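J.: Attaching a predicted model along with its sequence, questions to come.
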Amino acid sequence: MDKKSVLIIGGGISGITAAVEAAEAGCKVYLIEKRPYLGGQVARMNEYFPKLCPPYCGLEINFKRIRNSSRIEVITSAEVENLSGTAGDFTIELRLEPEYVNSSCTVCGDCSAVCPVEAKDSFNFGMSMHKAIDLPHELSYPNRFYLDDLVCQKESCKKCEEACNYDAINLEAAPGKRKIKVGSVLFCTGWEPYDPTNLKEYSWGESPDILNNVMMERVGAPNGPTSGKILKPSDGEPARKIAFVQCAGSRDENHLPYCSAVCCSASLKQAIYFTEQDPENRADIFYIDLRVSGRNEDFLKRVEENQQIRLIKGKASEVSLLEGSPVIEAEDILSGRKIREQYDMVVLATGVVPCIPGLKGIELDPDGFIAKDALENGLSAGGCCFEPKDVASSVRESTGLVINALQ
Amino acid sequence: MIEISPDIAFIEKLQGATGSQLTTCMQCGACTASCSLSEDQDVFPRKQMIMAAWGMRDRLMADPHVWTCHQCGDCSVSCPRGVKPGEILAALRQEQIVHYSKPAFLARWMQKPAFFPAAILFPAAIIILILSLAGTFSIPEGPVDYSEFFSHAWLNGSFTALFVLSTIGAVIGLRRFTRNVFTQRTVQKTNPDKPDQGQSPQAPQPALRGILTVLGRIMSHRDFNSCDEQKSRSVTHFLVFWGFILLLFVTFFAILSTIFFEYPLSILNPIKIAGNLGAMMLLAGSSFMILNRLRKRDQSNYADWFFLLSFWLLTFSGMLVEGARFHEWSFAYHLYFFHLVMVWIIILYYPYTKFAHFLYRTVAMIITRSGRQAG
Amino acid sequence: MKESKNTGVYICSGCNIGDAIDTDKLQSIAIEYPSVKQCQVHPVLCSPEAYLKLNDEINEQQLDSLIIAGCSPRHAPDSLKFSEVHSESVNLREGVAWVMEAGHEDTQAAAEDYLRMGIARTAASGLPEPYIPDAPESDILVLGGGITGIHSALEGARAGYSVVLVEKEDKLGGRLNNMHDIIPASGSKQTNLKFFLEEKLEELDASTLITVHKNTSLESIEGEPGKFLAKLKNGKGASECKVGSVILANGWKPYDPAKLTNLGYTDHKNIITQVELETMQKEDRILRPSDGNVPSTIVFIQCAGSRDKDHLPYCSNVCCLTSLKQVSYIRQKYPESRIFIIYKDIRTPGKNEHIYREVQKDNHVFFTKGRVDRIEKLENDSLRMIVEDNLLGETISIRADLVVAATGMEPNQSDDLHLLYRKGEGLPDRKYGFPDSHFICFPYETQRTGIYAAGAVRTPQGIQACMEDAGGAVVKAIQCIESTKRGEAVHPRSGDKSYPDLYMQRCTDCKRCTEECPFGSYDETEKGTPLPNPARCRRCGICMGSCPERIINFDNYSIHAISSMIKSIPIPDEFEEKPRVLAFVCENDAYPAFDLAALHRHRISPWLRIIPVRCIGSINKIWLSDALSAGYDGILQIGCKPGEDYQCHFITGSELMKTRSENIQETLQTMMLEPERIETVFLEIDEYHRIPEIIDDYMETIEDIGPNPFKDM
């Protein structure tokens, strides 16, 4: 085992960054991802704030660095089952999902063309359909098709296996196991949006026009369910007026007591790309405090100057439905008035909930994040493991954590 | 412009009364948004919360909006910081009653358990004094006839006098309240963009229509019904409200009867039936209120319990007194004495207990309504 | 460079390539070239069998170069990577078969052309030989002995690298020396600064790998990664040290409160800054400057300077938390004190929200959003703050015994590095003095290779983040040292062994390369002759694009190679009515976008010929005139978005292309050609759906202006 070897759990932007930075600094890197592709949450995002640039741009260059590096091994569809050992000598046991599609896949698409099963595309949060065997998304790394175990008819169908000219599909594939020994382990297990089903006051689930912010990213994305045109999911008509409800779950003792740090900038961004689609579009953002950091202030300024966007200081306490359309009632604190308005769509800025694996050596703090001081020697954690972070901070921090692997 | 000089003792008092960490309010406005009574131009309770957190006692004492609240609890449920704005407003209402009450010591008696013995013994002693003066302070022989114990003339006379005295107290309190509200209103800018220096310092005259609307709202319990969180509160209050009104009329007839007709009335007399119905409504309503407090659905404190329990005991003892008369219970006169003390407590203290809310709230609703029309 | 003389061409017919294109025809074309020793068609070139076969043939035929004609180079699997031979890709799948009509003569022509271009390019290129400076250094120089510098030194030493730490003061610790306590890191209770700093200084003293120079100024830095020479000076005299890379950790300064005329900092004795308050706290007492009394009411004004277009347009990130920290101290120390905090927004992101709530619990602390309209002087030098736009909705006034202005953080000048670089002493700042070049995706990157900024000089941040920054900058510094030793480029072309080679005999000292290199790779002699520093180079080729004499070339990416590609294909004459448009496509974002369009099988005009370039800034004017002389009807230059929100990985590449366009238009005029013959398109990677439309629109433009008059000349 190479002493300067590191196993990174989580192939989101933090894990990817740590992997390439570590490898280029001379480490042997194992990058473990439970999804069939790298990129995590950012792969689904439409744009980054504050530059409004596509996350694919940064992912592409990082994937290129992974491709060009001989020191990174990417293991997708894998989860860590057990972690043992001490700093300098960790043993990690992985559970590998069946490799129905192997590395011989050329992404030619013949399998998908013959697949008879259509299912809701989880990449688009079920807002569109895809085949049981399909490419997770265009830029997926590894660049190969993925078979959805839950909906595929397997042996009773076999059409894809027959259609594949490259022996890339094996429907009888079995789950596997693997053991890896490394010197250090880095957790970049990321986050998921706060479960909106807890937000009864926002009528979650009662109208398809009430979305959360990660779904909105898909709606705005050129490779999303509506090819980037922001349409009301209920009837496919263009949305003209959207409300963004900040702190939908965050900064709330009934839900998440902490601030999720990214939702303000995320909504500002979404309001900008929404209003840029049509000069008639209007966006209202209901907030408690506008928390954008550092130079992103320019971005806030840009929104303040945008005549199509209203920033309303006042938490929306409720979203109700009137004749099927969402209605928001809030106090406009700065004018001391109560307002009640109807919208085409409501975007709930749901917060960040960490995804922490239950493994040895990890203790949680009261908020459910990894307790920093309690991490064992040789283990470190980046991204949203300690607290909610935006992409820039995650990348900054995970690069910094690579130093632990070099020592 | 208002100079901010926080009254920290006042903040502590509110914290003590409500158990709320009210200063952790982050002014998000969710309370206002969730409040179905807060209207477009007349928003609360978010502003009351900042005034409370800043210890702006004078301002809050002159704020009629604390009465607009019917304490349904919607705001407390939606509050992300758990600071219970609804209860802060309840505490403020209590504070206002104490603040405006004359004589002030009576109001203070209602606030602390330490004054409980005094609050009970005072009316009991006066009743004993009256009975002693009348010379009937002993258990009469024969079938139960309460007028043997407390003659109608003495009863009507002393209780009417008591009512008149309390009502004078109530009127003084209300007058102080309205005057203060209007003084503050002229000082305060309602809109930061348009300082209303030009506005006349006189109180806008409430239009008759406004008053009628407010009374209609009170009688129909419309404001109560608009609350989301606790629909049952509307029903219990409705029962208590109308039960009480019914009993007021019955009492009025009873007094007339003692003078012009025969008393006690037959059990089948429509007035008697109405009285018993009212008593049942009152008992049912107040029992539910007690139950809700016990189940912690509604927050409470000593003053609230004092008022509610005395109300319940008044009703319950009244019903027992009636039963005792029909069934010739041996302790009928003891019950009757107890009941009379409860009646006294209610009448004597009504401007100083939570009971005063019917006055303050009505006046506040009329003021806020007229203020809105004027604005 | 190892030249390419024996080339093997391998054509894949899988993935519909064989259906769309006559691969046998391609084979027959390839073997006509003298440089091509071998050409074969394989049904699945990415299969393990094919790999073995290829490997054998490289050895048997002594091939020095390979052409893989199959899928996009972005998709080529590991099995087609042969590091010992030069290899080029010909993109028949995403470039032809998936985007053009199968079996059509135009499709076939496109495939043939791409093969010809590949062969031409290969013949003019070779496997690069890396540049490695003589005896490259491994030490790291850290400028600044504050928390970031100290932590950088420790992290570097822990990783086994020697570190030289330079501090201008007589004491390490920087601003921490004037601080009372620190904001607890999320989830941590550690606020004891003394313990925190002493612990680090002890480790620093104990380390044999760290050399500390106190009271020392950095006079200059010259050289390149692996070979930096730093000149130091202190009271005792001058010294020199050789290092491999440099970390700039010279910290921040508080915004000058005298500039805050609206607060009247200079007029009122009892207005102090957060930094001044911290110094008072360190002495464990807070007294009014005017009379030395303990203030009973203190007002904090947040964003004093920050978030203000007239002062610091950005948010300084730490002032809200700092005020909360200071308020906690004051409240503990003076239980009777009352504190007001006037804020724009309380910014306590993440778990710091708990800190905010804890302070709020204190009923002697009063928060309001608001704007301080004016400050009036009262008796005793007390002050009255008039606050508008507050939560009460009416003007309020607050009497204060002491006012604390939360002035923001300004980065110190990166000129402290005193780089002896042609392009200036410091790191170029893109905005507001912060020297990072890609603050979202690659926050440690700067425009000076081997020099990384960390801590508050990079962006306003707190102690915890500064320490994380230190780790990151050290990782980058180590990476740069190690890559330089291997002769490889660092981000974004990590691992690239090619570097620009200058044929100095023909250099006219025009200085364009030195001027246009975004990374300041070139120094100059007094005469103006460029002095290349290949280890500073990021291999973007912008210098190659800028050179009018065409003397700058890479082994595998040269003026000649691209020119040969351009000239390698037959151009149909004007009577055939088959125009040819050449597209220079940036391989970072635009080329992947073409691949993604192909994945969706978007149809692309078969008259287009694509040449991938490292950056559109690397396009040399000669290629344009070569193409126009060869008879191409139009040229598209497709690259990344320029401007403030640039996406160019080489920062200024697409910006340069914008300015160069004017020059190009002049060239067109002299050639008596329409300005539309050359167009520049900025394309984001996710705009691949737009590509067919962009190409079709341009084809229409070309149709409108008619064929290139230079055809067949």
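T.: Thanks, I have it. Please read all numbers here as calculations on a predicted model, not as lab measurements.

J.: residue contacts, the residue in the stretch 301-407 of chain A that chain C sits nearest to?
T.: Taking Cβ to the nearest Cβ, chain C has its nearest neighbour within the stretch 301-407 of chain A at residue A:400, 3.4 Å off. No exception for glycine: its C-beta is placed from N, CA and C like everyone else's. Residues in contact with residue A:400 (Cβ atoms under 8 Å, 6 or more residues apart in numbering or on different chains) are C:468-472, C:475.

J.: Residue A:68: neighbouring residues, count only.
T.: 17 (other Cβ atoms under 10 Å in any protein chain shown).

J.: Dig out what whatever residue of the stretch 201-350 of chain C ends up closest to chain B forms beta bridges with.
T.: The minimum distance from the stretch 201-350 of chain C to chain B, using Cβ to the nearest Cβ, falls at residue C:338 (6.5 Å). Going by DSSP bridges, residue C:338 is paired in beta bridges with residue C:297.

J.: Can you tell me the number of residues neighbouring it?
T.: Using other Cβ under 10 Å, residue C:338 has 26 neighbouring residues.

J.: Just the buried positions in stretch C:399-417, please.
T.: Within stretch C:399-417, the residues scored as buried using 16 or more other Cβ atoms under 10 Å in any protein chain shown are C:399-414, C:416-417.

J.: Could you confirm whether it reaches chain B?
T.: Yes: for stretch C:399-417, a contact with chain B is found by Cβ under 8 Å from any Cβ of the partner chain, at residue C:399.

J.: CA-only coordinates of that stretch in CSV, if you can.
T.: Output in CSV follows, covering the C-alpha atoms of stretch C:399-417 (Å, rounded to 0.1, in the frame of the first residue of the first chain):
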residue,chain,number,x,y,z
ARG,C,399,-28.0,57.4,22.4
ALA,C,400,-24.6,55.8,22.4
ASP,C,401,-21.7,56.2,24.7
LEU,C,402,-19.5,54.3,22.2
VAL,C,403,-20.0,53.4,18.6
VAL,C,404,-18.2,50.5,17.0
ALA,C,405,-17.9,50.6,13.2
ALA,C,406,-17.5,47.1,11.7
THR,C,407,-15.1,48.2,9.0
GLY,C,408,-14.5,45.6,6.3
MET,C,409,-11.4,43.7,5.2
GLU,C,410,-9.2,44.9,2.4
PRO,C,411,-6.7,42.5,0.9
ASN,C,412,-3.1,43.5,1.2
GLN,C,413,-1.2,44.2,-2.0
SER,C,414,0.1,41.2,-3.8
ASP,C,415,2.9,43.5,-5.0
ASP,C,416,4.6,42.6,-1.8
LEU,C,417,5.9,39.6,-3.7
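
J.: roughly how far is that stretch from the heart of the chain?
T.: With Cα atoms, centre = their mean, to the nearest Å as the basis, stretch C:399-417 stands 28 Å off its chain's centre.

J.: Pull up the gap between the residue of chain B most remote from its centre and residue B:333, please.
T.: Most distant from the centre of chain B: residue B:142, at 39.9 Å, with distances by Cα atoms, centre = their mean. Taking Cβ to Cβ, to the nearest Å as the measure, residue B:142 falls 12 Å from residue B:333.

J.: contacting residues for the closest residue to chain B within the stretch 401-550 of chain C?
T.: Relative to chain B, the nearest point of the stretch 401-550 of chain C is residue C:401 (13.0 Å; Cβ to the nearest Cβ). Contact analysis of residue C:401 by Cβ under 8 Å, 6+ apart lists C:270, C:288, C:293, C:295-298, C:382.

J.: switch to 7 Å and redo it
T.: Listed by Cβ atoms under 7 Å, 6 or more residues apart in numbering or on different chains, the contact set of residue C:401 reads C:270, C:288, C:295-298, C:382.

J.: Then residue C:672?
T.: If a contact means Cβ under 7 Å, 6+ apart, then residue C:672 has no contacts.

J.: Doesn't it lie inside a helix?
T.: No: judged by DSSP: H, G, I helix; E, B strand; the rest coil, residue C:672 forms no part of a helix; its state is coil.

J.: Low-confidence stretches in chain A?
T.: Applying pLDDT under 70 to chain A flags residues A:1.

J.: hang on, residue C:496 packs against residue C:489?
T.: Yes: judged on Cβ atoms under 7 Å, residue C:496 makes contact with residue C:489 at a distance of 4.1 Å.

J.: Could you tell me the per-residue confidence at residue C:190?
T.: For residue C:190, the pLDDT comes out at 61.

J.: Next: residue B:298.
T.: Note on residue B:298: pLDDT of 64.

J.: Count the residues that sit near residue C:219.
T.: Residue C:219: 14 neighbours (other Cβ under 10 Å).

J.: Next, the closest residue to it other than its chain neighbours: secondary structure please.
T.: Leaving aside its chain neighbours, residue C:219 sits nearest to residue C:231 (4.2 Å; criterion: Cβ to Cβ, 6 or more residues apart in numbering or on different chains). Put simply, residue C:231 is strand when judged by three-state DSSP.

J.: Please list all residues in contact with residue C:231.
T.: Residue C:231 neighbours (Cβ under 7 Å, 6+ apart): C:219-220, C:238, C:240.

J.: Closest to residue B:351 out of the residues you listed?
T.: residue C:219 (85.6 Å; Cβ to Cβ).

J.: List phi and psi for residue 138.
T.: Defaulting to chain A. phi -60, psi -40 (degrees, to the nearest 10).

J.: that's the wrong chain, I wanted chain C
T.: phi -120, psi 0.

J.: Measure how buried it is and give me the count.
T.: Applying other Cβ under 10 Å, we find 18 residues neighbouring residue C:138.

J.: Am I right that it is in contact with residue C:244?
T.: Yes: using Cβ under 7 Å, residue C:138 makes contact with residue C:244 at a distance of 5.1 Å.

J.: Identify the contacts common to the two.
T.: Listed as contacting both residue C:138 and residue C:244 by Cβ under 7 Å, 6+ apart are residue C:481.

J.: quick one: the lowest-mean-pLDDT helix or strand in chain C to chain centroid distance?
T.: Every helix and strand of chain C was ranked by mean pLDDT, DSSP states H and E. The lowest is strand C:2-3, at a mean of 74. The chain centroid and the centroid of strand C:2-3 are separated by 32 Å under Cα atoms, centre = their mean.

J.: Quick check: next helix or strand after it?
T.: Using DSSP states H and E, the helix or strand that directly follows strand C:2-3 along the chain is strand C:7-12.

J.: Indicate whether that following strand makes contact with chain A.
T.: No: legend: contact between strand C:7-12 and chain A by Cβ under 7 Å from any Cβ of the partner chain is lacking; minimum distance shown is 9.3 Å.

J.: partners of that strand, with directions?
T.: Strands that pair with strand C:7-12, judged by DSSP bridges, come out as strand C:36-42 (parallel), strand C:65-70 (parallel).

J.: What residues sit buried inside the following helix or strand past the first one?
T.: Looking back up the chat, that one is strand C:36-42. On the C-terminal side of strand C:36-42, the closest following helix or strand by DSSP H and E is helix C:48-60. In terms of neighbour count (16+ other Cβ under 10 Å), helix C:48-60 has its buried residues at C:50-51, C:54, C:57-58.

J.: For the residue of the stretch 201-350 of chain C closest to chain B, give me its contacts.
T.: B:6, C:296-297, C:364 are the contacts of residue C:338 under Cβ under 7 Å, 6+ apart.

J.: now, which of those residues sits nearest chain A?
T.: Nearest to chain A among these, counting by Cβ to the nearest Cβ, is residue B:6 at 20.4 Å.

J.: Now that closest one. Nearest residue, chain neighbours left out?
T.: Of all residues not flanking residue B:6 in the chain, residue B:55 sits nearest, at 3.6 Å (Cβ to Cβ, 6+ apart).
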